[in-house]
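Undergrad: This is a predicted model, with the sequence first.
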Amino acid sequence: MKLPTMPFTALDWIAMPADEIAGARGNAWERRFEQDGLRVRVVEYGPGYVADHWCDRGHVLYLISGDMTVVLKDGRESRLTQGNGFCVSDFGDAAHMVRSERGCRAFIVD
């Protein structure tokens, strides 16, 4: 990941509108900043959330609160709790998806 050329940009996450995202089960709410291919997000996954797709995009994820399980298409799983995270490059490993039984909040850069 390479950050695009841009000026200092303050982000007011609280003031940003949250877009609702339906999963295969449950919903998530995403506040997003995008510029020249960079996407920075704060995502709140509701209880019972299960993603509706496999993802090959690279991410840096930090779990702010709650817990989630990252499932890789080859069957591996990693349980993350508050303060944990992961990094993966575009097509850097098996595709992945997330689920959260109790809900969680994550900061994601991709």
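TA: Good, I have the coordinates.
Undergrad: pLDDT below threshold where in this structure?
TA: 1 (pLDDT under 70).
Undergrad: what do you get if the cut-off is 90, keeping everything else the same?
TA: 1-4, 37, 92 (pLDDT under 90).
Undergrad: In it, what residue spans correspond to strands?
TA: 19-22, 27-35, 38-45, 49-50, 59-72, 77-81, 85-88, 96-100, 104-109 (DSSP state E).
Undergrad: next one: the first one to chain centre, how far?
TA: To tie it back to what came earlier, the one meant is strand 19-22. 13 Å (CA atoms, centre = their mean, to the nearest Å).
Undergrad: returning to that earlier point: switch the strands of the chain over to a markdown table; also include distance to residue 12 and mean neighbour count.
TA: C-betas here are computed from N, CA, C, even on glycine. Listed next are the strands of the chain as a markdown table, based on distance: least, CB to CB, whole Å; neighbours: other CB atoms under 10 Å:
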| stretch | distance to residue 12 | mean neighbour count |
| --- | --- | --- |
| strand 19-22 | 16 | 12 |
| strand 27-35 | 10 | 15 |
| strand 38-45 | 11 | 19 |
| strand 49-50 | 25 | 20 |
| strand 59-72 | 16 | 18 |
| strand 77-81 | 26 | 12 |
| strand 85-88 | 23 | 15 |
| strand 96-100 | 25 | 21 |
| strand 104-109 | 15 | 19 |
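Undergrad: can you redo those strands as CSV with distance to residue 9?
TA: What follows is the strands of the chain, written out as CSV (distance: least, CB to CB, whole Å):
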stretch, distance to residue 9
strand 19-22, 19
strand 27-35, 7
strand 38-45, 10
strand 49-50, 29
strand 59-72, 18
strand 77-81, 28
strand 85-88, 22
strand 96-100, 27
strand 104-109, 13
